[in-house]
Each structure stands twice: as C-alpha cells, then as structure tokens.
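S.K.: what's the 3D shape of this:
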Amino acid sequence: QDQFKESGGGSVQPGDSLRLSCEASGFILDYYAIGWFRQVPGKEREGVACISSSERDDGTFVANSVKGRFTMSKNKHWNTAYLQMDSLKPEDTAVYSCGAGPAFKDCSPAEFTYWGQGTQVTVSS
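M.R.: The predicted model follows:
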C-alpha cells in the first residue's frame, strides 16, 4: 500500500529548529512532485514548500511566510523528503503533512494525490 510516514514534529521554543521527514513506501518518491503543507484548526491547508519530480522541471516553491527560514530537500537513496525549519515562530504552529502528485503549478493541496497523516509542530515560549 502506497503511503507516507512523517516524523520529526514536536514542541519547541521560538527561534529553535526542527527537521521533518516524509518517508515514502510503495512508490518512488523522486518520480513525483512532493509538497509540504500545514494546517491549523479552522483554516485551510496551505502550501509551505513544493519540489518538482526528477522527470519534470516545475522548479521549487517556498511560501513567502517561510522563505529564508524553511528549506525542502529530497534524498533519493532513502526515498525521503525533508523540511528543515529554522528560526521557528509561534505562527508556524500547525499540523504539517507531505503530499505527492504528478506535477505542481501553485503548490496548492488540490494538485496532490497522496497524503501522509501529518505531524504536529508547536512553537511557544
């Protein structure tokens, strides 16, 4: 069964760092566009960062709210995507999920087909 396994969330203080991992099983992650998304209660899921598959040239996307602080990467050998989050702020508190799809244009949730269960990130002092 195709699925993602996300990990790395937790409770941290403002200014701290976390690295989220999204391990794919049942499919080759590098063949898909991969995105990290976050959602807080009462709000829609929003795209944080997206990266193209190796077979397309859709480029990368990073939301303005996290630009310069968050970095997305992939490791083909481990079939895993990562989201390095530095200088975390309280407004980064959310459930973070990874998604996979054939391609992306806007890094919007509607463009992605497969989803993980999500991991909670809480930033507070």
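S.K.: okay, the most centrally placed residue in the chain: pLDDT?
M.R.: Most central in the chain under Cα atoms, centre = their mean is Trp36, positioned 1.9 Å from the mean C-alpha point. Note on Trp36: pLDDT of 97.
S.K.: Show the subsequent helix or strand relative to the worst-scoring helix or strand of the chain on mean pLDDT.
M.R.: One helix or strand of the chain scores below all others by mean pLDDT, DSSP states H and E: strand 3-7, with a mean of 88. Next helix or strand after strand 3-7 toward the C-terminus (DSSP states H and E): strand 10-12.
S.K.: Quick one: the strands in this protein, in order.
M.R.: Using DSSP state E, the strands of the chain run over residues 3-7, 10-12, 18-25, 33-39, 46-51, 60-62, 70-75, 80-85, 94-101, 114-115, 119-123.
S.K.: Kindly reformat the ones you listed as TSV containing distance to Cys107.
M.R.: Just so you know, the C-beta spots here come from the backbone N, C-alpha and C atoms, and that holds for glycine as well. TSV is the format used below for the strands of the chain (distance: least, Cβ to Cβ, whole Å):
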stretch	distance to Cys107
strand 3-7	17
strand 10-12	24
strand 18-25	15
strand 33-39	6
strand 46-51	4
strand 60-62	4
strand 70-75	10
strand 80-85	13
strand 94-101	10
strand 114-115	14
strand 119-123	18
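S.K.: Of all those, which one is nearest Ser108?
M.R.: strand 46-51 (5.8 Å; Cβ to Cβ).
S.K.: avg pLDDT for that closest one?
M.R.: Strand 46-51 comes out at a mean pLDDT of 96.
S.K.: Just the CA trace of it, in CSV.
M.R.: Extracted C-alpha coordinates of strand 46-51, given in CSV (Å, rounded to 0.1, in the frame of the first residue of the first chain):
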residue,chain,number,x,y,z
GLU,A,46,-1.7,25.8,2.9
GLY,A,47,1.4,25.0,0.8
VAL,A,48,4.7,25.6,2.5
ALA,A,49,7.2,24.2,0.0
CYS,A,50,7.0,22.1,-3.1
ILE,A,51,9.6,20.5,-5.3
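S.K.: what's the angle from it to strand 80-85?
M.R.: Relative orientation of strand 46-51 versus strand 80-85 (axes from the mean of the first three to the mean of the last three Cα atoms, to 10 degrees): 120 degrees.
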